[in-house]
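Asker: Build me a model from this:
(one chain, ligands or ions: 1)
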Amino acid sequence: MPTHRSQESGRDVIVVGGGPAGLMAALSAARRGASVRICEQLERPGLRLMASGGGRGNLTNTLAPEAMMARFGRRGRFIQPALAGLGPVSLRRLLADLGVPTFSPDGFHVYPSSESAADVQQALVRAGEDAGVDFRLACPVQSLAIEKGAAIGVHTSGGLVPAGRVILTTGGRSYPRLGGGEQGYALARQAGHTVTLLLPALAPLVIAEPWPPSCAGAALPDVECTLSREGRSAPAARGALLFTHRGLSGPAALDLSGDVSARLQAGAPVAAFLNLAPGRRPSDWLQEIGQWAHVGGGKTVVRWLDDFLPRSVAAALAGACGLPDSLTASRISQEQRRRLADHLAGWPVTITGTGGFEQAMVTRGGVALDDIDPHTLSSRLVKGLHFAGEIVDLDGPCGGFNLQWAFSSGWLAGHSAAGA
Ligand SMILES: Cc1cc2nc3c(=O)[nH]c(=O)nc-3n(C[C@H](O)[C@H](O)[C@H](O)COP(=O)(O)OP(=O)(O)OC[C@H]3O[C@@H](n4cnc5c(N)ncnc54)[C@H](O)[C@@H]3O)c2cc1C
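Answerer: So this is what the prediction gives:
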């Protein structure tokens, strides 16, 4: 692979981790004239990027930067400088320039036009090589080299690799076979950084009710899932819901899993409610159920529910309301109507667990933001040290937010490390 050494050793940049954040950091630093080396512990960079979006790679979305920031929650403003440097539009333009045009089939999610995340990985590696990035694969970084409060390189099994700047882009804890683990956090701690509590996020939910196996595989396109109120907080997520053998998945469940993980720390199950037709209240349903008796009173309630729910879900919902399969619309009592209407607008479920780090797409928690300058993504504690991607204490919902953050933050960290 071509190498390119700058005369000035202070402009040597080492990127630790070859995921989307690392690949982008390396490209951006090299294009700014720095001499860049990536140390990636696996034999291939960007494995998680290649697996993203079921292999299709939901790279970003069509939201404007302000709206995108809001979806990162309270600390969303932290990403503003990174988005200003490489936002969704400029990311798509950059990828197109690298030979990977993108498209948005639903006007929101953005994928490579080839629907292959591997094309993005290959294009970034190729662009890095063309810009002179030196790829060191199967090269885990064991510790940082820090002298007098400044990063001077990293230690690998081959010894000290000197550099004036180090960018940590080691990702999160989940999916160990794709490179997830604790090592990157240990490096951050070695530099004196605080690492906040690490929890699985974007993971499926496990529920206590007996009906999941009978509904496995069923899906609803638009459901709102709300956690029970705790103080002023009642987190909610809306989107497609997928029923699994053990519980719930799909964006409406996945997007809540970080909050669920945090609540499960207390040791008790978490109560949640599924609104199967967001925007409809129990009173709307009561009216509708009242019509059933007039229009087709001989038809069973489950068959009526079939009109807008998959059969297995309709049966599970009726069972959860204590309604017999054979109950017809003309025989449903007032009390049964009320129970059914309440469940349709807020089906209670008891969450006992998540898929954990084995199945979490991202990690909630990470290197605390207080000690990172959002304008350069540099450490406030150690000179010459930068962070990008999932290692920092930020995570977004489903929908391309996490890859956009990885790309934007990588771009900014590389740019500022090379220019510093
Ligand atoms: C199955 C799956 C599907 C996903 N789908 C999407 C999606 O469609 N859209 C979306 O926005 N997000 C998606 N995500 C999340 C997204 O992939 C991550 O947020 C993103 O990859 C984070 O990028 P990163 O570069 O920070 O970390 P990573 O991609 O995790 O890369 C970190 C790299 O650092 C390496 N590394 C770690 N420690 C060391 C060390 N000590 N020395 C050297 N190298 C090291 C790792 O091997 C790894 O290659 C998905 C995640 C998963 C698991």
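Asker: Name the residues of the stretch 201-350 of the chain found near the ligand, please.
Answerer: The stretch 201-350 of the chain has no residues near the ligand, with proximity defined as C-beta under 6 Å from any ligand atom. Any C-beta I mention is one placed from the backbone N, CA and C, and that applies to glycine too.
Asker: For the stretch 201-350 of the chain, I'd like the single residue that approaches the ligand most closely.
Answerer: residue 202 (7.2 Å; C-beta to the nearest ligand atom).
Asker: tell me the contacts of that residue?
Answerer: 254-255, 257-258, 360-362, 395, 397-398, 402 (C-beta atoms under 8 Å, 6 or more residues apart in numbering).
Asker: Identify the spatial nearest neighbour of it, chain neighbours not counted.
Answerer: residue 361 (3.7 Å; C-beta to C-beta, 6 or more residues apart in numbering).
Asker: just the buried members of the contacts of residue 202?
Answerer: Among the contacts of residue 202, those buried by neighbour count (16 or more other C-beta atoms under 10 Å) are 254-255, 257-258, 360-362, 395, 397-398, 402.
Asker: With secondary structure and pLDDT as added columns, please give those residues in JSON lines.
Answerer: Formatted as JSON lines, these follow (DSSP: H, G, I helix; E, B strand; the rest coil; pLDDT from 0 to 100):
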{"residue": "254", "secondary structure": "helix", "pLDDT": "98"}
{"residue": "255", "secondary structure": "coil", "pLDDT": "98"}
{"residue": "257", "secondary structure": "helix", "pLDDT": "98"}
{"residue": "258", "secondary structure": "helix", "pLDDT": "97"}
{"residue": "360", "secondary structure": "coil", "pLDDT": "97"}
{"residue": "361", "secondary structure": "coil", "pLDDT": "97"}
{"residue": "362", "secondary structure": "strand", "pLDDT": "97"}
{"residue": "395", "secondary structure": "coil", "pLDDT": "97"}
{"residue": "397", "secondary structure": "coil", "pLDDT": "97"}
{"residue": "398", "secondary structure": "coil", "pLDDT": "97"}
{"residue": "402", "secondary structure": "helix", "pLDDT": "98"}
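Asker: could I get those as a markdown table with distance to residue 330?
Answerer: Formatted as a markdown table, the buried ones among the contacts of residue 202 follow (distance: C-beta to C-beta, whole Å):
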| residue | distance to residue 330 |
| --- | --- |
| 254 | 40 |
| 255 | 40 |
| 257 | 42 |
| 258 | 46 |
| 360 | 48 |
| 361 | 47 |
| 362 | 50 |
| 395 | 50 |
| 397 | 44 |
| 398 | 42 |
| 402 | 51 |
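Asker: Domain map for the protein?
Answerer: Split into domains by automatic domain parsing, the chain comes to 9-197+363-419, 204-354.
Asker: tell me the most buried of those domains?
Answerer: With neighbours taken as mean count of other C-beta atoms under 10 Å, the domains of the chain reach their highest mean count in domain 9-197+363-419, at a mean of 21.
Asker: What lies in contact with stretch 304-324?
Answerer: 209, 211, 214-215, 218-220, 243, 276-277, 289, 292, 296, 301-302, 325, 327, 329, 332, 336, 339-340, 343-344, 347.
Asker: what about that stretch, how long is it end to end?
Answerer: With C-alpha to C-alpha, to the nearest Å as the measure, stretch 304-324 spans 13 Å from end to end.
Asker: now swap in stretch 176-190 and tell me
Answerer: First-to-last residue span, stretch 176-190, C-alpha to C-alpha: 22 Å.
Asker: From the chain's centroid, how far away is it?
Answerer: Centroid separation for stretch 176-190 versus its chain: 17 Å, with C-alpha atoms, centre = their mean, to the nearest Å.
Asker: which other helices and strands contact the lowest-mean-pLDDT helix or strand in the chain?
Answerer: Lowest on mean pLDDT, DSSP states H and E among the helices and strands of the chain sits helix 282-296, with a mean of 89. Where contact means 3 or more C-beta pairs under 8 Å, 6 or more residues apart in numbering; DSSP states H and E, helix 282-296 is packed against helix 301-306, helix 334-346.
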